[in-house]
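3D model of this:
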Amino acid sequence: MKPEAKLKRVLGEGRFLVLRELEYDNGSGPRLWEACDRNGTGSAAFILARIVPDDEILLVRQFRPPAGRLMLEFPAGLIDPGETAEQTAVRELYEETGYCGRVLGCSRPGWSSPGLTGETICMVRMEIDGDACRGRRIEPHPEENERIEVFRVKRSGLAEFVAAQEAEGVGIDTKIYTYLAGMA
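Numbering: from 1, shown residues only. Got it, this is the predicted structure:
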């Protein structure tokens with residue numbers, strides 16, 4: 001038997017999120033589970049943007065109310081209806097950082113917190129021509145309610161940069177830790 005979750009009832013709904021009670025049976029009898037999902041889209045993309053030949057990556061820092069703190073993250077955003085993950089990445093990279101780049105590849109959708117939400121996320125790898133950026137003022141184009149700081153970080157100094165952010169009380173998105181582990 002293949003387990004399947006079915007909506008039992010909606011427990012609450014806000015402007016951005018909906019809380020659902022799901023019913024499922026994994027072979028040990030019927031059970032209930034609570035899940036939180038976004039209203040509208042259920043998919044997002046995060047951008048692993050590498051600046052060449054400088055061997056830097058782009059990170060952003062912004063306040064995240066659910067975490068109650070500033071968070072260090074890769075640039076990211078929700079996939080709008082009719083958009084691909086790659087299109088979202090190009091748009092969000094420009095909005096959040098002011099940089100333009102070319103897409104190198106995109107992962108299949110994966111789940112970052114499947115015990116909480118059904119939201120999927122794709123990793124889009126992008127490359128930015130650092131030579132074309134030299135001497136130019138790069139300005140982010142955030143949405144009205146966004147306050148985003150942009151960091152160009154040498155890959156060779158990423159672990160130290162992350163440790164310094166942590167020491168200042170900044171939360172670190174687990175995707176950054178995963179990236180660091182892959183560099184080891």
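
which residues does the closest residue to residue 62 other than its chain neighbours contact?
Nearest residue to residue 62, sequence neighbours excluded (C-beta to C-beta, 6 or more residues apart in numbering): residue 148, at 4.8 Å. Quick note: C-beta positions are derived from backbone N, CA and C, even for glycine. By C-beta atoms under 8 Å, 6 or more residues apart in numbering, the residues touching residue 148 are 60-62, 96-97, 140, 142.

This structure: helices as residue ranges?
Along the chain, counting by DSSP state H, helices occupy 85-97, 130-133, 158-167, 174-183.

which stretch in those has the least confidence?
Looking over the helices of the chain, mean pLDDT reaches its minimum on helix 130-133, with a mean of 86.

Which neighbouring elements make contact with it?
strand 43-52 (3 or more C-beta pairs under 8 Å, 6 or more residues apart in numbering; DSSP states H and E).

Now do the buried residues in the strand it packs on.
Across strand 43-52, burial judged by 16 or more other C-beta atoms under 10 Å covers 43-51.

Which residue is the nearest non-sequential neighbour of residue 41?
residue 78 is the one closest to residue 41 (C-beta to C-beta, 6+ apart), at 5.0 Å.

Domain map for the chain?
5-38, 43-183 (automatic domain parsing).

Name the stretch among the ones you listed that sits most buried.
A comparison of these by mean neighbour count, using mean count of other C-beta atoms under 10 Å, puts domain 43-183 on top with a mean of 15.

Against residue 35, how distant is residue 113?
According to C-beta to C-beta, to the nearest Å, residue 113 stands 10 Å off from residue 35.

do the same with residue 72
Counting by C-beta to C-beta, the gap from residue 72 to residue 35 is 27 Å.

May I see the contacts of residue 148 organised as JSON lines, with distance to residue 104 added?
Converted to JSON lines, the contacts of residue 148 look like this (distance: C-beta to C-beta, whole Å):
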{"residue": "60", "distance to residue 104": "19"}
{"residue": "61", "distance to residue 104": "24"}
{"residue": "62", "distance to residue 104": "25"}
{"residue": "96", "distance to residue 104": "18"}
{"residue": "97", "distance to residue 104": "17"}
{"residue": "140", "distance to residue 104": "22"}
{"residue": "142", "distance to residue 104": "24"}
